[in-house]
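A.B. asks: Below are the sequence and a predicted model for it; my questions follow.
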Amino acid sequence: MNNKIKIVCALLVTMLFQTTAFSEEEIVVKLATESHRLPIVIEPIQAESSDFPKEHLQALLDVFSFDMNANGMTQVIAPKDKKRFQLLQGSFGFDKAPDFAKCKEADIFYLIKSKMEGKSLAVKMIAINGQSVKLIEGISCTGDLAKDRKTMHHLADSIHEMLFQKPGIASQRIIFTLKNGAESAKAANKFVSEVFEADYDGANEKQLTNENAFCVTPLFVPSTNGAKSPCLVFVSYKIGQPKIYFALAKDGKPRRLTTIKGNQMTPQVSRDGTKIAFACDATGSSDLFLQTFHPSTGALSKPRQIFAAKGAAQASPTFSPDGKQIAFVSNKDGTPKIYVMDIPPEGATSKDLHPKLISKRCRENSAPAWSPDGTKIAYSAKSSGNRQIWIYDFETHEERQLTSGKGDKENPAWAPNSLHLLFNAIDDKKTELYLINLNQSEAFKITSGDGEKRFPCWK
């Protein structure tokens with residue numbers, strides 16, 4: 001590999017691991033909201049005959065309130081909004097009918113009341129404008145916060161679907177890498193980064209890999225029948241070079257995806273789970289390859305090269321929902337940009353390939369992610385000195401900046417609803433995961449504590 005190609009490949013790989021100063025200021029989404037969030041008040045859990053301490057009930061209320069405030073559709077009104085809460089006085093209490101006139105005056109659309117009797121939770125969802133009440137009873141709790149958190153997530157999703165006829169995301173799990181910052185005996189002088197999963201809000205963390213190596217860019221192969229995904233894909237440096245591995249749920253043992261030579265990076269799986277695209281420098285430059293795949297057995301054939309550009313490096317492919325196109329990063333025209341092209345059939349030549357440039361406003365673009373509904377691509381790009389999350393909209397053909405402020409934001413990942421995004425925000429000491437959605441100006445930090453969290457992905 002000549003020096004020019006080495007420098008280009010190093011640039012694209014380095015963009016995955018950049019660490020720059022990051023302030024603690026609030027991250028703000030700079031995108032016009034796509035719909036107005038409906039104001040909602042959630043009362044404290046009434047608990048005169050509860051089997052659980054107040055601390056446990058408050059923890060459950062906090063989980064539920066976060067879910068309802070971060071869902072992109074409703075806005076939880078807090079008690080600090082004294083003017084509104086003064087209007088609502090006299091409406092609180094599980095068995096007390098609200099004053100609908102006062103609720104309307106306070107611009108409240110929904111009021112949620114709850115009561116814990118023994119270990120059973122009952123919830124009333126009251127629509128103010130329609131003056132209707134929906135009662136949900138028999139919600140069983142255990143006193144184990146990890147289990148009861150899941151119960152509250154399911155409750156939030158049930159109410160979300162009841163109100164908006166669309167699935168919520170509170171019951172979703174996410175995966176990411178955690179770099180522990182400690183040296184291990186088997187990986188002397190090397191940092192170890194393992195793959196973890198957690199609730200979508202960062203809680204109930206669980207380690208998935210034990211590679212004792214540096215692992216990056218994890219993802220689950222989508223399930224085609226609605227069942228739990230049987231396969232995890234990730235890149236590991238355990239033999240020195242980065243190679244792609246997959247682990248089946250039935251045994252959890254990582255296997256090499258392919259024996260192709262060279263560095264293998266940034267794998268992405270098609271929505272039907274039958275194809276994996278990735279970048280590899282086996283030919284001397286970082287080119288794009290396509291591998292046919294089955295989530296129960298692994299690779300079905302040898303990978304084939306689908307795009308290369310003389311003197312340039314390619315990386316970070318992402319599939320369109322129908323699996324017919326890919327978006328990817330290339331510096332074939334100078335600085336790394338995002339391109340989209342049809343996946344070429346076998347036997348196609350370079351003359352048959354027509355990548356379309358979609359990111360024209362910023363430098364050093366990376367990590368494109370195609371939304372599940374096919375209408376948008378999120379990516380990271382350098383803007384005013386820092387890396388920010390941007391979105392390209394296929395319907396308007398416009399690029400819009402999502403985040404602003406100091407520090408780098410990278411590796412966006414769409415939720416199944418094409419409304420929410422995860423990303424990691426980096427500083428020289430801390431790297432945490434954030435959750436945003438297109439209807440809010442607020443980004444929620446969902447992780448904390450030791451270690452650097454990167455490469456979030458929805459399970």
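C.D. replies: Right, received. Where do you want to start? Numbering: from 1, shown residues only.
A.B. asks: what comes up buried for the longest helix seen in the chain?
C.D. replies: For the chain, the longest helix by residue count, based on DSSP state H, is helix 145-164. In terms of neighbour count (16 or more other Cβ atoms under 10 Å), helix 145-164 has its buried residues at 145, 148-153, 155-160, 163. Using the backbone N, CA and C atoms, a C-beta is placed for each residue, glycine as well.
A.B. asks: can you put the residues you listed in TSV and add pLDDT and distance to residue 374?
C.D. replies: Shown next, in TSV, are the buried residues of helix 145-164 (pLDDT from 0 to 100; distance: Cβ to Cβ, whole Å):
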residue	pLDDT	distance to residue 374
145	97	38
148	98	37
149	97	32
150	97	31
151	98	33
152	98	32
153	98	27
155	97	31
156	98	27
157	97	23
158	96	27
159	96	28
160	96	23
163	93	25
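A.B. asks: Pipe the residues you listed into TSV and attach distance to residue 192 per row.
C.D. replies: Formatted as TSV, the buried residues of helix 145-164 follow (distance: Cβ to Cβ, whole Å):
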residue	distance to residue 192
145	29
148	32
149	28
150	29
151	34
152	33
153	30
155	37
156	35
157	35
158	39
159	41
160	38
163	44
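A.B. asks: from those, which is closest to residue 129?
C.D. replies: Nearest to residue 129, judged by Cβ to Cβ, of the buried residues of helix 145-164 is residue 163 at 12.1 Å.
A.B. asks: List the contacts of the closest one.
C.D. replies: The neighbourhood of residue 163, defined by Cβ atoms under 8 Å, 6 or more residues apart in numbering, consists of 73, 74, 110, 125.
A.B. asks: Which ones among those residues lie within strands?
C.D. replies: Among the contacts of residue 163, the members found in strands (DSSP state E) are 74, 110, 125.
A.B. asks: For whichever helix or strand comes after the longest helix of the chain, which residues meet the burial criterion?
C.D. replies: Next helix or strand after helix 145-164 toward the C-terminus (DSSP states H and E): strand 173-183. Within strand 173-183, the residues that qualify as buried are 173, 174, 175, 176, 177, 178, 179, counting by 16+ other Cβ under 10 Å.
A.B. asks: Can you tell me which one of those carries the smallest pLDDT value?
C.D. replies: Least confident entry in those, by pLDDT: residue 179, with 93.
A.B. asks: on that earlier part again, so which of the ones in strands among the contacts of residue 163 is the closest to residue 118?
C.D. replies: Nearest to residue 118 among these, with distances taken as Cβ to Cβ, is residue 125, at 21.6 Å.
A.B. asks: where's that closest one relative to residue 114, distance?
C.D. replies: 10 Å (Cβ to Cβ, to the nearest Å).
A.B. asks: what do you get for residue 195?
C.D. replies: From residue 195 to residue 114 the distance is 36 Å (Cβ to Cβ).
A.B. asks: follow-up on the earlier one: could the ones in strands among the contacts of residue 163 be laid out in TSV, adding distance to residue 454?
C.D. replies: Below are the ones in strands among the contacts of residue 163 laid out as TSV (distance: Cβ to Cβ, whole Å):
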residue	distance to residue 454
74	30
110	37
125	38
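A.B. asks: With respect to residue 279, which of those is nearest?
C.D. replies: residue 74 (40.6 Å).
A.B. asks: The closest one pairs with what?
C.D. replies: residue 38 (DSSP bridges).
A.B. asks: wait, what's in contact with it?
C.D. replies: Residue 74 neighbours (Cβ under 8 Å, 6+ apart): 37, 38, 39, 40, 68, 109, 110, 163.
A.B. asks: Quick one, which of those residues are buried?
C.D. replies: By 16+ other Cβ under 10 Å, the contacts of residue 74 give 37, 38, 39, 40, 68, 109, 110, 163 as buried.
A.B. asks: Is residue 66 located within a helix, as I assumed?
C.D. replies: Yes: under DSSP: H, G, I helix; E, B strand; the rest coil, residue 66 sits within a helix.
A.B. asks: so what's it closest to, chain neighbours aside?
C.D. replies: residue 201 (6.0 Å; Cβ to Cβ, 6 or more residues apart in numbering).
A.B. asks: tell me the contacts of the one you found?
C.D. replies: 63, 66, 67, 70, 170, 435, 444, 446.
A.B. asks: And for residue 415?
C.D. replies: Taking Cβ under 8 Å, 6+ apart, one finds 169, 172, 200, 421, 422, 458 in contact with residue 415.
A.B. asks: and it, what pLDDT?
C.D. replies: So, for residue 415, pLDDT stands at 97.
A.B. asks: Then residue 94?
C.D. replies: On the pLDDT scale, residue 94 gets 93.
A.B. asks: Not counting its neighbours along the chain, what's nearest residue 312?
C.D. replies: residue 332 is the one closest to residue 312 (Cβ to Cβ, 6+ apart), at 3.8 Å.
A.B. asks: my guess is the one you found meets residue 307, correct?
C.D. replies: No: applying Cβ atoms under 8 Å, one finds residue 332 not in contact with residue 307, separated by 9.5 Å.
A.B. asks: shared neighbours, the two?
C.D. replies: Counting by Cβ under 8 Å, 6+ apart, the residues touching both residue 332 and residue 307 are residue 314.
A.B. asks: neighbour count winner among the two?
C.D. replies: residue 307 (24 against 18; other Cβ atoms under 10 Å).
A.B. asks: Quick check: the gap between that one and residue 386.
C.D. replies: 29 Å.
A.B. asks: sorry, back to before: let me know the secondary structure of the residue nearest to residue 66.
C.D. replies: coil.
A.B. asks: how near is it to residue 134?
C.D. replies: 25 Å.
A.B. asks: cool, and residue 356?
C.D. replies: Taken as Cβ to Cβ, the span from residue 356 to residue 134 is 48 Å.
A.B. asks: ditto for residue 332
C.D. replies: Distance from residue 332 to residue 134, by Cβ to Cβ: 56 Å.
A.B. asks: cool, and residue 281?
C.D. replies: Using Cβ to Cβ, which is the criterion applied here, residue 281 is 57 Å from residue 134.
A.B. asks: tell me which element residue 85 falls in.
C.D. replies: helix 82-88.
A.B. asks: Could you do residue 368 as well?
C.D. replies: Using DSSP H and E, residue 368 falls in strand 363-370.
A.B. asks: Run the chain-centre distance for that strand.
C.D. replies: 15 Å (Cα atoms, centre = their mean, to the nearest Å).
A.B. asks: Pull up the pairing partners for the helix or strand following that strand, direction included.
C.D. replies: Downstream of strand 363-370, the next assigned helix or strand under DSSP H and E is strand 376-383. Paired neighbours of strand 376-383 in the sheet (DSSP bridges): strand 363-370 (antiparallel), strand 386-393 (antiparallel).
A.B. asks: Are we agreed that the residue nearest to residue 312 is in a helix?
C.D. replies: No: with three-state DSSP as the criterion, residue 332 is located in coil rather than a helix.
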